[in-house]
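K.L.:
fold the following and give me the result.
(chains A and B)
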Protein chains: 2
Amino acid sequence: MEKFVYSFNEGNKDMRYVLGGKGANLAEMTKIGLPVPFGFTVTCQACNKYYEDGMTVSDDLVAEIMDKLAELESVSGKKFGDPDNPLLVSVRSGAPFSMPGMMDTILNLGLNDDSVKGIAKLTGNERFAYDSYRRFIQMYSDIVLEIEKKKFDVIFDGKKEEKGVSQDVDLTADDLKEIIEDYKKLVVAEMGKGFPEDPRDQLMEAVLAVFRSWNTPRAVLYRELNNIDSSLGTAVNVQEMAFGNMGDDSCTGVAFTRSPSTGEKKVFGEFLVNAQGEDVVAGIRTPQPMEEMANTFPEVYEQFLKIAELLETHYKNMQDMEFTVERGKLYMLQTRDGKRTAQAAVKVACDMVEEGLITKEIALTRVEPDQIDMLLHPNFSDEALKNNEAVAKGLPASPGAAAGHIYFTADDAAAAAAEGKKVILVRAETSPEDLAGMVAAEGILTERGGMTSHAAVVARGMGKCCVAGCSAISPNEETKTMTVGDMTLKEGDFISIDGSAGNVYVGELEMVEPDLSNDFAQIMEWADEVRTLKVRTNADNPTDSAQAVKFGAEGIGLCRTEHMFFGEDRIKAMRRMILADEESERREALKLLLPYQKEDFKGIFEVMEDRPVTIRTIDPPLHEFVPHTDEEIKVLADEFGLDFDKLKNRVNDLKEFNPMLGHRGCRLTITYPEIAEMQGEAIILAAIELKKEKGLEVTPEIMIPLVGNVKELAFVKKRVVETIEKVFEREGESVNYIVGTMIEIPRAALTADEVAQEADFFSFGTNDLTQMTLGFSRDDTGNIIREYEDLGIFEQDPFQTLDQTGVGQLVEMAAQKGRKTKSNLKLGICGEHGGDPASIEFCYRTGLDYVSCSPFRVPIARLAAAQAVVKEQLNTQADK
Amino acid sequence: MEKFVYSFNEGNKDMRYVLGGKGANLAEMTKIGLPVPFGFTVTCQACNKYYEDGMTVSDDLVAEIMDKLAELESVSGKKFGDPDNPLLVSVRSGAPFSMPGMMDTILNLGLNDDSVKGIAKLTGNERFAYDSYRRFIQMYSDIVLEIEKKKFDVIFDGKKEEKGVSQDVDLTADDLKEIIEDYKKLVVAEMGKGFPEDPRDQLMEAVLAVFRSWNTPRAVLYRELNNIDSSLGTAVNVQEMAFGNMGDDSCTGVAFTRSPSTGEKKVFGEFLVNAQGEDVVAGIRTPQPMEEMANTFPEVYEQFLKIAELLETHYKNMQDMEFTVERGKLYMLQTRDGKRTAQAAVKVACDMVEEGLITKEIALTRVEPDQIDMLLHPNFSDEALKNNEAVAKGLPASPGAAAGHIYFTADDAAAAAAEGKKVILVRAETSPEDLAGMVAAEGILTERGGMTSHAAVVARGMGKCCVAGCSAISPNEETKTMTVGDMTLKEGDFISIDGSAGNVYVGELEMVEPDLSNDFAQIMEWADEVRTLKVRTNADNPTDSAQAVKFGAEGIGLCRTEHMFFGEDRIKAMRRMILADEESERREALKLLLPYQKEDFKGIFEVMEDRPVTIRTIDPPLHEFVPHTDEEIKVLADEFGLDFDKLKNRVNDLKEFNPMLGHRGCRLTITYPEIAEMQGEAIILAAIELKKEKGLEVTPEIMIPLVGNVKELAFVKKRVVETIEKVFEREGESVNYIVGTMIEIPRAALTADEVAQEADFFSFGTNDLTQMTLGFSRDDTGNIIREYEDLGIFEQDPFQTLDQTGVGQLVEMAAQKGRKTKSNLKLGICGEHGGDPASIEFCYRTGLDYVSCSPFRVPIARLAAAQAVVKEQLNTQADK
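P.N.:
Take a look at the predicted model:
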C-alpha cells in the first residue's frame, strides 16, 4: 500500500514532490538533528488521491493519519484534548513550490473546552489561553468552515461595546469565554451543527481544507501564471505548536544566514519578543535586529548561529529560516533558500565559490539576471547627498536610488507610470493587491513594516529600490497627501529615496553611475567563459554604443537609422525628400542627408572598432517625419515655398489607418530605392573613410527591414549592392559587408527557406513579429494585455517575454528553414526580447548566434546566456 | 543527336513543349491534310541550348535549319533570293503557352534586291513589291537589328516632303526604291555593316532574335506574373508566305468555329479583302463579317466551313483560326482553342456534351468560373431601353451592360475607380498599356477596332462589357472630351453601354437581373454532381440570404452581426452600451438590442431553413459605432444627457493607432462578456421560437472571432454556453448548436491543436489572416500591392487570390493540427478568397469542408469546386 503520511523523521530534502517544499525541509532538519517540533506530513499524493476519489478521503488515509498522530502524542508526551497536558498543533499547506493563494496556517489546533483549561493551567495565564481559543475558533471557522470573518467581528466588537472597552486587551478572560460561547452559537446557526470539539475531527477537517485550497481560483491562477503543473498537489504539515508568545522568555523571528541586502556573511534578521510568527511577517510591530538576541537570549543566539551555519553548509545556499523560542528553548520551524538583492546574490555567489561550497557554474545560476539591472542603475551623487538633507529615515529595505512623483494607491501609480511619469509609490504598508503599482513604480516607500515585510521582500525580488518602515511619514490615500514632519506633500510632488541608506528626500536628487563591484566583474567573467551566445546591443549613437561596450556588448545588433533624421538641419532635408514629387528632387534632398548619415555611422563604427555593426535601412512610415497641425504645416509651406493646401493634402495622404501594416520598412525603399541607395552609400563611405584614416577594418551588416517576400529583399539588395559597387570603384577602396534582413513578418518566417537565398543573416524582429503573429498592436493593447494577464489568458506579457508557443514556432521554423538553405546563415534577435532572460534561453536552445538588447540589459543578457548553458548541462546530468 | 528542327509534316498537336503551341498546331493541321503553307519549326529545346551555350548557335543547328530550308524550297518549288520565283517566309515566335512580350512576326523575309524583282514580276505590281521590301527592311531593322523605328520614319516622311505628297500611297515605286537606298545607308551607319542581303543570313538572324526575345523584360515579367516556367524556351516557326494583299481575289481573316459571344454553332469571324493578317487584329480597317465571304469567295467559304468543322471535331473544342486567301486559294495559318464569353462558354460546353464531343467533366473545365460573374450581373431593363435612344452604335464586342462616368485614359479611369467611382473607359482603340484602366472600368467603349480587336478580346476575357468600333464617337484624351454627333461629353459625364447590342446611351439606364439560361443551370447541375466541397455564402440579412440560396448556397458561412447595430433605433442602444461606465448600464442597453438581434436571426434562419448558419459574435472595434465630429458628439451628449467633454474623451479613448490589431473581436467579448451573452441568447431564442412557431430545426453555429489563444475561446465560449443553458431552462425547449472560431490570427493557426480543443469548427478568416501574415493593411496598401504586382514581387493581389506559399502554409498547418486534435473538426473559409477559383482549388486540396463567399460568387464557387475535382482526376490520369 502506498504510504501517504510521513513522520518528520522519515523524509528528507529531496522529497519535495512527496512532502512539499516545507515538509521536505522540516524532515531534513529533523534528520540532521536540529530542534524541530515533531510532526508529520500528509503527502501531495494523498491530495491527488482525494481529487481522484471525487473529493473524498479513504478510511485508510484517516487511519494512517491517526497512527502518525498517536506517534506524535507519544513523542511529545502530550495528548489531543488532554485537559492536563494537551497537544496543540499547527496545520500548514506545503506544495512542491512556494505558492500563494493556498490555505493559511491554522495555529493552536487541538483547543477545545477541555484542553483550553490545560493551557491556562500550564501557562498560568487564563486570559492568554482563552484568547488563543477565541482566535482559533475564528481562524478555523473562517478557513475550514468558510464562515465569513466579519460575522465574528460583529460579536467581538459588540462585546467590547457592551463592556465599554475600546482595546482588545481590555477584555477579560471571562469576557472572552462569553465571546467563545457566542462564536459557537454562530457556528451552529451557520453550519447547522456545532464547532468540532474533538481535536481529531478538527484535524481531519483542516487537512481537507488544505486539499481544497489547492484548487482555489487564486491558486489555480497562480499555477497558470507560473507554469506550475496542477497535478503536483499539495502536502499538509501537522506539527506540534511552539509558542513564541508565552512571555518575555519567548520570541519568534526570521533570519538569513547572510545579509539578503549586501550578501555579507553574517546572520541577519529580526525577532519579536512575545509574539507569534505571523506578527513579524505582517510588519505590524517593528521587530528588533537579530544582533539584539545576543543580549536578550545569549545562549539561544549562540545555538542559532551554529544551526544557521550548519544549514548553509548543508544546503550549499543562503538560507531563510523561521524560528520560535518558547520559554528559552529554540525551535526551528522552517528553512528555505533565501531571496536576496542583486548585490547580495552576486556577493554570496562569489563568496561561496571562494569558500569551496559551490562551483562557478552553480554560482552563475544563483544570480537572477533581471536583478542585475539594479546594480547597473545610478545612485545619488555624493554632491547631491551632501547638499540635501533627508526629511525622513526608514529601513534600507532594497538598495538603489529612485526619484519620482509620489502616488498613494497602486492604481494611481500605475496610471501615472502609463503616462510616462516616474513614480514613487507611497503606502502605509503594501499587500499583494499593490503589485501592479509596485511594478510601475521606480521605488517604494512604506510607513510600516520591517526588512522582511511584503514591501521589502517584493521590492528586492524586483530589484527595485525600497525604503520600508519609515514611520516619520504618514500617507493618506483618501486625501492623496502625506505628511513628513510638519511638511505636507501632495500627489505628484517629487521625492527621492535611497533604498541602500533608507533615506527620503524632497525633490529630485542628482544620480551617478554605479560603481560595479569586483564580485560583479567576477560573475560576468564566469558568464563569458560559459556562454556561447554572443551579446550585442541596440544602439544608434556613439554614446549608447560606448556604454554598451563598457557593459560587454560584442557588437551592435540593431542600429536604427531613422532617429538620425530628426536633427534640426536633417529634418528639413528629410521633409524635402518626403514631399518631393519627382525622383530627381528626392535625390537632391538625399544628397543633403548623405554627409550627416555618413558621420553618424563613422562615429558609431569608431566606438565599436572591429565589432560587427548591423545597420537597418529606414523603417518607419514617412508621416512620422512631417508636421501634422495646420500651424506647423503653414510654417513648412512658407519655408519650402509650397502651397498650404497642396502640402496639407500631401501630409494627409501619408496618414494610414494601420501604420504598423502600412507603407514602411522595405516597402519605402522599394517605392523610393534612392533612400536605400543613399543609406548604403553613407554606410560604406563611413567604413572606407575609417579604413583610410585610421586603418580600422569595419564589416558593416546592412539590414533590410519588414521583408515578407524574398523578392522584396532581392529588389532592395540589388540596388544597395549596385550603389556600393559604384562607391568602391569611385573611392578606389573597398570593405567587406554583408546584407541581411529582419524576420519580423510572419510570412518571412514561413518562407525563410526562400528569404535565405538572398540573405547573409536573419535578425528576428520579435517586437513586430509578436504584434503580427498575435494580432496585438503594442500601442493599443496595453490594457488588454494587463486584463489578459489578470484573467490568466496570457501567462506573461508577450512583449516582455517571447511567446514561445506561438511566435517561438515561427522563430524555430525560420531558423531551421533558413539554415537549410544556407547552413552558415547568421541568426540573431534584435527585438526587446533579446534582453529578457527566458527569451534568451529560448534563443540559445533555438541555435541563434547572438541576442541584441539595450545597453543596460547587456550584462543581464550575458548572464542569462551563461545560465542557459548551465541549465542545459544540469538537465543533461539529471537525465543521466 | 537531338533533333532541333521539325518540318510541319513531322510533328503533331501533342508536341507543344517541343514545337510551341503555334508550331504544334501547324504540324497537326498539316498532318490531317489541311492547306497549310509548308514550313518548319525550330524547337524550344534549341532555344534553351542557345542560352546554355552562352547565347551562341552551334554549327549543327545552322546545318539542320538549312536542311529544312532546302526541303521547304523543294516543296514550294521556290528558292530563297531567286529573282524569278523567290521564296518568302514569315518568322514567328511560338512558346508552349501564349505569351505576349515576345518577338513580333516578321513577314516577307527573303526579300532582297534580287528577289524583290521576282515579286514585282510575279505580281505584276512593282509598287507593291518595293513597298513590301521597304516595310520588310524597316520591320527587320526594328525587330532584329534593334535600330529605332523612328529613324526610318524620318527618312520616309522626308521623302514624302521632298516629293510634295501627303499620303503614303502617293509615293511611286521609284520613290520607294530611293527610300530603300536611304534605309540601307542608315543600316550601315547604325550597324557598321550593310543590311543582310543573303536571305539565309536574314533567316538565321531572325531565329536568334526570337530566341533573344524569350528574355525581354516584358516576357520575363509576363512569365513571372503567370507562373510560366522560364526553362520552357520558345520555338520559332518559319513558314512560306501566303499573301492576302495580292489584290481583290485575296483576303485574310480570323474566324471561330462557333460564336465567341453567344456560343451559337455557326462559323463566326471577319475578313479583310486585299489585306495582311495584322490589319485585322490591329483593328485599323473595319472588316466584313464571315458570312459575306459566301458572296465574295463562295467556293473558298464552303471549303473553310468544312475545315472549321473538321478542326472542331478534331480538337474537341471551339477553334480560333487565322487564314489567308491568296489569289483565290485558301491557306490555314493558325488554329487554337478560341476565347469566348461566359455565355458562349456555357452554351458551347453544353452543346458539345449533347453532340457527344466531350464528357460533362470536360465541359465543366471549359467555363472559366470568373467569367460566370458576367451571366449573373444585370442588363438594362426593357423599360429603360424603350425610353432611351442610343446615341451611337458600335460592335457588340463583349456582352452585358454597364453604366459609369467616362474617362479617356487608363490612368484617369484607374484613379477614378480607386476613388470608388463607376467608370467607363473610352479610347480610340486600346493596347496592352490600357490594361489597368480596363480592369478598373465597368465597361469599355472604343472608336475603332473589330470583334477581335484588343479591346474586344481582353474585355471578353475579363467578362466585362465592351462596345468596340463605335465610329460615331471621337474621344480626345488631350481635352478629355468626346463628341457623339453634335453632342460633346466631358470627363466624368455619365453614359451607359450595352455590350450585347453595341449601343451607347447618355445617362444612367436602369438595370435588371439577368435571366439565367438552361445551359447555365445544366452546368451548375453537373458541377454540383461532381464537387465535394460545400459552398456557403456570406450574408447578414434575409434578402442576401435568399439571393444566395437562389444561386445555390448551401448555408451561411459568415453572418456578421455588427451591421445589425446600425439601424436608427439600434445604434442609440449600441452607443448607450458602449458609453456605459458600469456593467449594469451595459446590460440595460444590451437588453434593448436583444429583440432586434433575435428578429434579425429569425429572418435569416427562416430563409435558410435547415441549412447551417454560422453567426459571428461582434467583431469591429467599438469606435466604429460612435460619432467622431464635435457636432455629432454634441448631439449625442444632449441626447444622452452627458457632459460633452466627458463624452468626447470617451470617444477619443476608443481611438486606436492600429485598430486592425486593437480592441476588437473576442477581445471585446472578453472585456464585455455581456455582449456575447446577449448575442448567444438572441441566436438561441430565434432558433427556439422558429422551432416552436414553425417546427423548423435550426442548428446555429456560433463563431467567436479573432482568437489567437485557446484560452480566449474558452473564456467566451464558457459564458455563451452558460447563457444558452439558462435560456434552454427558461424556455423549456432546446436546439442543437455548436461553437467554433475564426482562424484569422497567425498564432491561432500555429496553435490550432490547442484551439481545436475548444472549437467545434474552424472558419478561416483569410482576409485578416493575410493582413497579419503579410503585414499588409488592406486599407492602406492598395497602391503598394499594385506597385508590387507591376514589379513582379507579387504574382497576384494576395487579397484576391490566397497567397498559398505563405498564408496557405498556415491554413494547411491549422487544418492538420486541428484535425489531429479533433478528427471531425468542421473546416471552412469565409474570407473573400472563398469566392476565388484558384483559392477554392487550394481549399479543396487542403481538405476543407466548405467555402463561403458573397452571394453573386456562389455559382462561381460551385463551378470552381467542381473543376478542382476534375483537375485532380485529370492529373491522376496523367500520372498513370
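K.L.:
contacts and neighbour counts: CA atoms only from here.
P.N.:
Will do.
K.L.:
quick one: mean pLDDT over the helix or strand where residue A:386 lies.
P.N.:
Under DSSP states H and E, the secondary-structure element containing residue A:386 is helix A:382-387. Averaged across helix A:382-387, the pLDDT comes to 85.
K.L.:
past it, which element shows up next along the chain?
P.N.:
The element immediately downstream of helix A:382-387 (helix or strand, assigned by DSSP H and E) is strand A:392-393.
K.L.:
looking at chain A, which helix or strand is least sure?
P.N.:
Averaged element by element with mean pLDDT, DSSP states H and E, chain A has its least confident helix or strand at helix A:277-282 (a mean of 62).
K.L.:
got the residues of chain A near chain B?
P.N.:
Neighbours of chain B within chain A, by CA under 8 Å from any CA of the partner chain: A:656-663, A:667, A:671, A:708-709, A:711-712, A:745-747, A:750-751, A:771-777, A:779-781, A:784, A:787, A:793, A:805-807, A:809.
K.L.:
at 7 Å what do you get?
P.N.:
A:656-663, A:708, A:711-712, A:745-747, A:750-751, A:772-777, A:779-781, A:793, A:806 (CA under 7 Å from any CA of the partner chain).
K.L.:
thinking again about what came up before, tell me the helix or strand right after the least confident helix or strand of chain A.
P.N.:
Secondary structure here is assigned by DSSP H and E; on that basis, the next helix or strand after helix A:277-282 toward the C-terminus is strand A:288-289.
K.L.:
sheet-wise, list the partners of that following strand with their directions.
P.N.:
Under the criterion DSSP bridges, strand A:288-289 sits next to strand A:268-273 (antiparallel) in its sheet.
K.L.:
send me the strand it pairs with as PDB with only the CA atoms.
P.N.:
The C-alpha atoms that make up strand A:268-273 are tabulated as PDB, following Å, rounded to 0.1, in the frame of the first residue of the first chain:
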ATOM      1  CA  PHE A 268      20.900  38.800   9.600                       C
ATOM      2  CA  GLY A 269      17.200  39.000  10.600                       C
ATOM      3  CA  GLU A 270      14.800  40.200  13.200                       C
ATOM      4  CA  PHE A 271      12.800  38.900  16.000                       C
ATOM      5  CA  LEU A 272       9.800  40.000  18.100                       C
ATOM      6  CA  VAL A 273       9.700  39.100  21.800                       C
END
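K.L.:
tell me which residues of it are tucked away?
P.N.:
A:268-273 (16 or more other CA atoms under 10 Å in any protein chain shown).
K.L.:
go on, stretch A:202-222?
P.N.:
Of the residues in stretch A:202-222, those with enough neighbours to count as buried (16+ other CA under 10 Å) are A:202-203, A:205-215, A:219-222.
K.L.:
start to end distance for that stretch?
P.N.:
End-to-end distance of stretch A:202-222: 28 Å, with CA to CA, to the nearest Å as the criterion.
K.L.:
and the next element down the chain from the helix or strand encompassing residue A:406?
P.N.:
Here residue A:406 is covered by strand A:401-407, with elements defined by DSSP H and E. Counting by DSSP H and E, the next helix or strand C-terminal to strand A:401-407 is helix A:410-418.
K.L.:
and that next one, which residues are buried?
P.N.:
Within helix A:410-418, the residues scored as buried using 16+ other CA under 10 Å are A:410-417.
K.L.:
what is that helix packed up against?
P.N.:
Judged by 3 or more CA pairs under 7 Å, 6 or more residues apart in numbering or on different chains; DSSP states H and E, helix A:410-418 is in contact with strand A:423-427, helix A:435-440.
K.L.:
having no further points to raise, I will conclude here.
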